[in-house]
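1. Predicted model follows, preceded by the sequence.
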Amino acid sequence: MPPRFGVALGVLSVYDYWFEFHLRLPDRPIGAYSWVGDVSVLARVAIFAVMVAWAIGELRRLAAAPVPIMTEGIPAPSRS
C-alpha cells in the first residue's frame, strides 16, 4: 500500500483520540457530539474502500501483465 493510506489512517486515529478523550466527556449529555463520531466512522469506511479499490486495481494490473518465466539458461536436473 502507498504511504498515503497509512498517513490518512494516522490522522483519523488522532481525530478519534480527540473525539473520545477530549470532546466526549462524561459530564456532557449523551448524543451531544454523536455526529462527530459518525463522521469518524464514515471517514474510516471511505479510507478502507479506497484501499480496497487500490488493491483490486493492482491485482488486475498484475494479472494483465504476467511476469515471464525464463526457462532458457537453466540447467536441466542431472541424473545421479
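-> Perfect, thanks for sending it. Residues are numbered from 1 along each chain as shown.

2. For Gly37, which residues are in contact?
-> Phe19, Arg24 (Cβ atoms under 8 Å, 6 or more residues apart in numbering). No exception for glycine: its C-beta is placed from N, CA and C like everyone else's.

3. where's it relative to Ala65, distance?
-> Going from Gly37 to Ala65 by Cβ to Cβ, to the nearest Å gives 43 Å.

4. Report the next helix or strand after the host helix or strand of Val7 in sequence order.
-> Assessed by DSSP states H and E, Val7 sits inside helix 3-18. Next in sequence after helix 3-18, counting helices and strands by DSSP H and E, comes helix 34-64.

5. Tell me how far that next one lies from the chain's centre.
-> 6 Å (Cα atoms, centre = their mean, to the nearest Å).

6. what angle separates it from helix 3-18?
-> Between helix 34-64 and helix 3-18, the angle comes out at 160 degrees (axes from the mean of the first three to the mean of the last three Cα atoms, to 10 degrees).

7. buried residues in helix 34-64?
-> By 16 or more other Cβ atoms under 10 Å, the buried positions in helix 34-64 come out as Ser40, Ala43, Arg44, Ile47, Met51.

8. show me the contacts for the second one.
-> By that I understand Ala43. Leu12, Tyr15.

9. again, only using 7 Å
-> Neighbouring residues of Ala43 by Cβ atoms under 7 Å, 6 or more residues apart in numbering: Leu12.

10. avg pLDDT for the helix holding Val7?
-> For helix 3-18, mean pLDDT is 92.

11. same check, this time on stretch 46-58
-> What stretch 46-58 shows for mean pLDDT is 96.

12. Give me the contacts around that stretch.
-> Met1, Phe5, Ala8, Leu9, Leu12.
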